[in-house]
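[1] Model the following, please.
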Amino acid sequence: MGKTELAIERARRAIRLSPFDSYNFQSHSALAIAYFYLQQYKDAVDAARDAIDYNLSFSISRAVLAAALLRSGRTVDAKAAAREVLQYEPTFTIRGLSLAAGFEPAVFAPFANAWRELGLPE
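    Coordinates of the predicted model:
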């Protein structure tokens, strides 16, 4: 929702308090989204990978990873990650994620732009 510092603080606290929680993919995903929004793309890549490690099928983490890799200048890896988004969720669309996730538009736009560059379906 654009409150990146608060999101980072709360996600880190959740991970620290319950390091083995099977739902930690959500906290790592929140970190990845916040880092991406802050243009800290290496941290976003790392957090997205951690989220994927906790839940292989959560397509949002894979989509965030693809966007972060692209903005990190790792285009080949980003395209591979984008293909994995569609492998794990063949019905993925940018619009569908926008509606389902309820992102703040200012937060969502940089992701959507990256996904469009990667050729993910509108």
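[2] Any stretches of this protein with poor pLDDT?
    Judged by pLDDT under 70, the chain has its weakly predicted residues at 1-2, 101-102.
[3] and the most centrally placed residue in the chain, what is it in contact with?
    Among the residues of the chain, the smallest C-alpha distance to the mean C-alpha position (C-alpha atoms, centre = their mean) belongs to residue 64, namely 2.5 Å. Residue 64 makes contacts with 29, 32-33, 36, 44, 48, 51, 111, as judged by C-beta atoms under 8 Å, 6 or more residues apart in numbering. Using the backbone N, CA and C atoms, a C-beta is placed for each residue, glycine as well.
[4] next one: residue 69
    Contacts for residue 69 were tallied using C-beta under 8 Å, 6+ apart; they are 41, 45, 75, 77-78, 81.
[5] could I get these as CSV with distance to residue 18?
    What follows is the contacts of residue 69, written out as CSV (distance: C-beta to C-beta, whole Å):
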residue, distance to residue 18
41, 27
45, 23
75, 36
77, 30
78, 31
81, 27
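[6] Only the buried subset of those, as a ChimeraX command please.
    In ChimeraX, the members of the contacts of residue 69 classed as buried (16 or more other C-beta atoms under 10 Å) are selected with the following command:
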select :41,45,77,78,81
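[7] separation between residue 14 and residue 29?
    Distance check for residue 14 against residue 29: by C-beta to C-beta, to the nearest Å, it reads 11 Å.
[8] So between those two, which is more surrounded?
    Set residue 14 next to residue 29 and count neighbours by other C-beta atoms under 10 Å: residue 29 wins out with 25 against 18.
[9] measure that one to residue 73 for me?
    With distances defined as C-beta to C-beta, the gap from residue 29 to residue 73 amounts to 22 Å.
[10] go on, residue 88?
    From residue 88 over to residue 73 the distance is 24 Å, taken as C-beta to C-beta.
[11] for residue 97, same thing?
    Distance of residue 97 to residue 73, given as C-beta to C-beta: 24 Å.
[12] For these two, work out which one has more neighbours and name it.
    For residue 97 against residue 73, the residue with the higher neighbour count under other C-beta under 10 Å is residue 97, and the figures read 21 against 9.
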